[in-house]
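Q: sequence-free structure coming up:
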C-alpha cells in the first residue's frame, strides 16, 4: 500500500484539496439555522469546521486508497499465476494522476504476429467476481462492419462483450487453468486461428 501511496501522492493531495474545498462550506450549515450573531458564529465555527473538513477529506482519500489497493492486489495475485508468466507481455499502468479514474494496469501481450491487451475486471461489490478481458489489436479493422464480421467468427467459440467498437473476449478465471503455463497460450492460439479467417 505504501508503494501505491507514493505513486499517487500528488493525485491524493489534489483529491484531498478538492474534497476539502467542496465540503468546507457545508460545515457552516448549522450556523445558519441557529440564533445569534451570524458573522460572529461563523468566525467562531471556523476552527471546528477546518478540523472536521480535514478529517473527512483525509478519511475519504484513505478509503479510496484502500479500496484501490485491494482491487490491484487481486489483479496482481492473478497475474502472478504461471499462465500469465508464460506470456510475452508488459505491464502498462493507466489512470495515474487522474482524479476520476483509479490507478490500475493492464497487460500488453504479443503472441506470434498478434498484439492484445489483457485486463482483469474486478467486481466492485464482490472481489471474488473477476473477468479476464482479451482485446485483439487488429490494425486492418477500419469499420464497425468488419468488427461485426470478426465477432461472428469468434462468438462460435468464445463469449464476447457487447462493445460495438472493438472485440472483447471474456473469460472467468475459473474457466482457465491458470496454474498451467500453457493455460492462456492455447486460448490465444485458438483466437488467432479465428482471426486468420478473413470475414466475408
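A: Received the coordinates, thanks. On a predicted model such as this, the values are computed, not experimentally measured, just so you know.
Q: So residue 91: helix, strand or coil?
A: Classification of residue 91 using DSSP: H, G, I helix; E, B strand; the rest coil returns strand.
Q: and the helix or strand hosting residue 74, what does it pack onto?
A: Element membership of residue 74, judged by DSSP states H and E, is helix 38-79. Packing partners of helix 38-79 (3 or more CB pairs under 8 Å, 6 or more residues apart in numbering; DSSP states H and E): helix 2-7, helix 9-23, helix 29-32, strand 104-111, strand 114-122. Where C-beta positions appear, they are placed from N, C-alpha and C, glycine not excepted.
Q: quick one: which of those has the weakest pLDDT on average?
A: Least confidently modelled of those is helix 2-7, at a mean of 58 by mean pLDDT.
Q: which parts of whichever strand or helix holds residue 149 are buried?
A: If you go by DSSP H and E, residue 149 is part of helix 144-154. By 16 or more other CB atoms under 10 Å, the buried positions in helix 144-154 come out as 147, 149, 150, 151, 153, 154.
Q: Need phi/psi at the residue nearest to residue 169 when sequence neighbours are not counted.
A: Leaving aside its sequence neighbours, residue 169 sits nearest to residue 134 (CB to CB, 6 or more residues apart in numbering; 4.4 Å). The phi and psi torsions at residue 134 (degrees, to the nearest 10) take the values phi -110, psi 120.
Q: Neighbours of residue 134, how many?
A: Other residues near residue 134 come to 20 when the count uses other CB atoms under 10 Å.
Q: Tell me what it is bridged to.
A: Legend: beta-bridge partners of residue 134 under DSSP bridges are residue 118, residue 169.
Q: quick one: secondary structure of the nearest residue to residue 190 once chain neighbours are set aside?
A: In space, and not counting its chain neighbours, residue 190 is closest to residue 157: 6.4 Å by CB to CB, 6+ apart. When classified by three-state DSSP, residue 157 comes out as coil.
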